[in-house]
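[1] need a 3D model of the following:
(chains A and B)
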Protein chains: 2
Amino acid sequence: MSSNNEPRKAIDLSHHVNKMSRSRGASPLKHIFQYLAEPGMISLAGGLPHPSLFPYQQLDLKVYTPDAKITPGEAVNSSMALSLPQYANGNQLNTLSKALQYYSGRGSPTLTALFYDFTARIMRPGYANWQVLLNSGSTDGWSKVVNLFCEPGDYIIVEEHTFPSAQALWAPMGCKGVAVKMDKDGMIPEDLERIMENWATSHPGIKRPHLLYTVPVGQNPTGSTLTWERKKAIYEICVTYDIIICEDDPYYFLQLPQYVAPSERSGEAPQGVAIIEELLVTWGQDGYLRWLLGIRENYGIRRDWIVDIVRDVFDVLPAGDDYDNDFIAVIKGHGKDTNPVPLFSFSYPKGGMFLYIKVHLGQNPDFKALKDAGEEEPDEKWTREFWQELIQEKILVTPHWFYAPVVGPGEEKKKEPDVAFFRLAFSYESREDMYIGVQRLAKAFGKSWQNLTDYNVV
Amino acid sequence: MSSNNEPRKAIDLSHHVNKMSRSRGASPLKHIFQYLAEPGMISLAGGLPHPSLFPYQQLDLKVYTPDAKITPGEAVNSSMALSLPQYANGNQLNTLSKALQYYSGRGSPTLTALFYDFTARIMRPGYANWQVLLNSGSTDGWSKVVNLFCEPGDYIIVEEHTFPSAQALWAPMGCKGVAVKMDKDGMIPEDLERIMENWATSHPGIKRPHLLYTVPVGQNPTGSTLTWERKKAIYEICVTYDIIICEDDPYYFLQLPQYVAPSERSGEAPQGVAIIEELLVTWGQDGYLRWLLGIRENYGIRRDWIVDIVRDVFDVLPAGDDYDNDFIAVIKGHGKDTNPVPLFSFSYPKGGMFLYIKVHLGQNPDFKALKDAGEEEPDEKWTREFWQELIQEKILVTPHWFYAPVVGPGEEKKKEPDVAFFRLAFSYESREDMYIGVQRLAKAFGKSWQNLTDYNVV
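    Here you go, the predicted model:
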């Protein structure tokens, strides 16, 4: 009898829970907890170590202020102090004697409450009885999802290029990936729908996939971010086919503003970035949010670095309709040729830490030689050889086969022929090293395509 | 061609590795690591967050000195300072920018090296190619052992009273415990041998157990410590039957000196405790070892508290040959009766944090009534009811059914009839609360056995 004003309750998905998780029983220790809080109770029940034997008396931290200005390469001068005493002192919530003691597997209730509030305000879940469960990071969280829902041999829906550590958790169970085609806006809903529609004929007698893994923002490795329309379309397909969506979303707060070419940059942050901040400050929890916005700004600067550098070291042109990326890169000085040879295509990353370039092998002499020689997997052979050439040039990037879905024999791998991909992380190196690195990349491209070596490499 | 002077290599136990672990593949990231260290290499390969975005600039710790005197209930006055800067500074090994960055799953190489050295010196493994693998605590370590060796449905050898959290890791896999009889010196080798000898007839067609879980020192919950002779005997049986022994040994450094009655206590630590310390100091790593010895001394004092209190609140007599414990406790003032009624028997804990008392129900009126009424499991019913009476008296201890092995239907449970057990932890409560707690225990015993209520309870 809920009115229309109350948010609906979560859909019951418990039929997806696997046999092992259904077999888990409660710990007998739960019988203790209900009695421990009774006034006057003396407990010789727990096996807790005595906190006087934790050898830490005081922890002091010097931390950035939430609004600290962090400019890559410059020291941060805005600090504040945090302190954690051994025992409670006034109304201090956190103490070392509590923090170092055994906890429930759910972790700190204080931290859980903080993230619950944060999620309610910022993520605004669309149903009433949602919960927050702390974990030790995304891969740990995903391992719990896999161990909760997957049976050996299950098929898991993944993106065409997917995060290898996420696969490492289900592949040893004999599970297999079902790869969904993607482009610069992430997973393509029509391909997901096609797979599910045809499942009974393509996989007769085999259980339909019931778990979808996606990195929706700044996808690893492609850097793509799902549009709102695609999210809605994927959600509807998953409702139809009873699929649980697991978003591994470490880069949610690294949704970056549109790239603006240096010549058109005003030097000021885009006006929209300020509006959001003011909104968040009004909502409260402003310190943490300011901090997240600061991180975003920082990776935004780094994204601009890598794109600026690629535009500087190569000639970059609009890609045209033949490409699913926005731009093509050609050898420097050849941008005005009548038919410039495309080395790779790319789009400006709208989130995350990665630029994924798609190398077009059609006109590469080595690749053509491999094909002419009847090589069975010329793309893979070329990629491995070119990757070794990059290493010879002292530039380390990751090739697409790191991110290939673990699919069963005879299943679609999805990668189109005659292309290769490389992931360039812009999260870590200095601007100077990034520049040298992209120059080395350009040198290797030049050698491989036209045997050119006239790049001015430092 | 190894000479007799070289320690032998480890036995190959890889045939025990389960299907899932054999299916694990190497991460493609390993391809990166080999190139990262090359001089002059520029890496756009990793997806590492930039350390300037970890908001911690300095961590300062006030810690006990390794030789700090820690007396229960008294403040510790001996401190030293530790400091961790954001970035390397001189030859500082540890920095926040390293500590907060992604690591290999093996954890900190510095910490691993420290524990390797410690293990070599103190534990002295009997073979050459042993390794140290960090984990997040014993239960995490045991979960990795279970996930490495166990298949669904396997039988795992456990002690008759076993640690429930350890079972929680294999029970949902449909594994079953095989309970081995134990006494005050821990698991009884003859019972283990009997089980293995008879396996083919008792479990026709079922795979023999190949993993043994034990808490060898200060066992949880019984407080028993395996003797050297028993360890050797168990090892030999496990060699014969190809069983992997997993020692969960959190209390190794809580091996406590023999309990000495207060009237015979000299006030000085036993001379043997000093010899070991001097030896360890000579070996080096003296700070950590001194610290461990200090912890041991502290829990030794606490063990003496609980035993002193039990001897004070009850009359305690030598148990005689009818008991597998050393002492019996009878109602205060009845120690000199001709046939005093034994309430419970116990032995002085030689390690760990627990006193496990064995309650003898033969002469308990309530228990006799349950038996006369034809109750199917009178021990269990009595224990649950008496535990509720203890809670009414505001004294919380844990009953033996918390520690019952999860065995298959029809398997031996091992617990002898007409007894109950309760675990008293001496690790946490103050001496004053411990005293009140044991008095409350005595009051409940008095009421249950003879309807006596003349205990002077605070």
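[2] what residues does the stretch 151-300 of chain A have near chain B?
    A:164-165, A:168, A:171-174, A:220, A:291, A:295, A:298 (Cβ under 8 Å from any Cβ of the partner chain). Just so you know, the C-beta spots here come from the backbone N, C-alpha and C atoms, and that holds for glycine as well.
[3] need the three-state assignment for A:Phe33.
    Of the three states, A:Phe33 takes helix according to DSSP: H, G, I helix; E, B strand; the rest coil.
[4] ok, how many other residues are close to it?
    By other Cβ atoms under 10 Å in any protein chain shown, 12 other residues sit near A:Phe33.
[5] any idea how far the lengthiest helix in chain A is from the middle of the chain?
    Among the segments of chain A that qualify as a helix by DSSP state H, the longest is helix A:286-313. Centroid separation between helix A:286-313 and its chain, computed with Cα atoms, centre = their mean, to the nearest Å, is 16 Å.
[6] please identify the buried residues of it?
    For helix A:286-313, a neighbour-count test (16 or more other Cβ atoms under 10 Å in any protein chain shown) marks A:286, A:289-300, A:302-311, A:313 as buried.
[7] got it, and stretch A:341-350?
    For stretch A:341-350, by 16+ other Cβ under 10 Å, it's A:342-350.
[8] same check, this time on stretch A:380-395
    The neighbour-count check on stretch A:380-395 (16+ other Cβ under 10 Å) flags A:380-383, A:386-387, A:390-391, A:393-395 as buried.
[9] report the mean confidence score over stretch A:421-440.
    On average, the pLDDT along stretch A:421-440 is 96.
[10] cool, stretch A:124-143 as well?
    92.
[11] which residues does that stretch contact?
    Contact with stretch A:124-143 is made by A:6-11, A:106-108, A:111-112, A:115-116, A:119, A:144, A:165-166, A:169, A:213, A:246, A:248-250, as judged by Cβ atoms under 8 Å, 6 or more residues apart in numbering or on different chains.
[12] now intersect those residues with the strands, please.
    Among the contacts of stretch A:124-143, DSSP state E puts A:213, A:246 in strands.
[13] how many neighbours does whichever residue of the stretch 251-400 of chain A sits closest to chain B have?
    Using Cβ to the nearest Cβ, the closest approach of the stretch 251-400 of chain A to chain B is made by A:Leu396 at 4.3 Å. Neighbour count for A:Leu396, taken as other Cβ under 10 Å: 22.
[14] confidence score at it?
    In this prediction A:Leu396 is given a pLDDT of 96.
[15] list the buried residues in stretch A:95-104.
    Of the residues in stretch A:95-104, A:95-98, A:100 count as buried by neighbour count, 16+ other Cβ under 10 Å.
[16] all strands of the stretch 1-150 of chain A, in order?
    Along the stretch 1-150 of chain A, counting by DSSP state E, counting those that start in this stretch, strands occupy A:42-43, A:56-64, A:79-85.
[17] most packed of those strands?
    Among the strands of the stretch 1-150 of chain A, strand A:42-43 has the highest mean neighbour count (mean count of other Cβ atoms under 10 Å in any protein chain shown), at a mean of 21.
[18] quick one: average confidence on that strand?
    94.
[19] where does chain A have low pLDDT?
    For chain A, applying pLDDT under 70 flags the ranges A:1-5, A:267-272, A:274-285, A:451-458.
[20] all helices for it, in order.
    Along chain A, the segments classed as helices by DSSP H run A:19-22, A:30-36, A:96-99, A:109-118, A:138-149, A:164-167, A:189-197, A:199-202, A:228-240, A:271-283, A:286-313, A:365-372, A:378-392, A:431-450.
[21] kindly provide the distance from the nearest residue to A:His400 once chain neighbours are set aside to A:Pro342.
    Distances taken as Cβ to Cβ, 6 or more residues apart in numbering or on different chains place A:Phe421 nearest to A:His400, at 3.7 Å, with adjacent residues excluded. In this view, A:Phe421 and A:Pro342 are 14 Å apart by Cβ to Cβ, to the nearest Å.
[22] might one say that A:Leu226 is in contact with A:Gly218?
    No: with contact defined as Cβ atoms under 8 Å, A:Leu226 and A:Gly218 do not form a contacting pair (10.3 Å).
[23] quick one, which of those two is more surrounded?
    Neighbour count, other Cβ under 10 Å: between A:Leu226 and A:Gly218, A:Gly218 has more, with 26 against 23.
[24] contacting residues for the more buried one?
    A:224-225, A:251, A:254-256, A:349-354.
[25] circling back to that earlier point, how about the buried residues of stretch A:341-350 in TSV, adding distance to A:Ser263?
    As requested, these are exported to TSV (distance: Cβ to Cβ, whole Å):
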residue	distance to A:Ser263
A:Pro342	24
A:Leu343	23
A:Phe344	23
A:Ser345	22
A:Phe346	20
A:Ser347	20
A:Tyr348	15
A:Pro349	20
A:Lys350	21
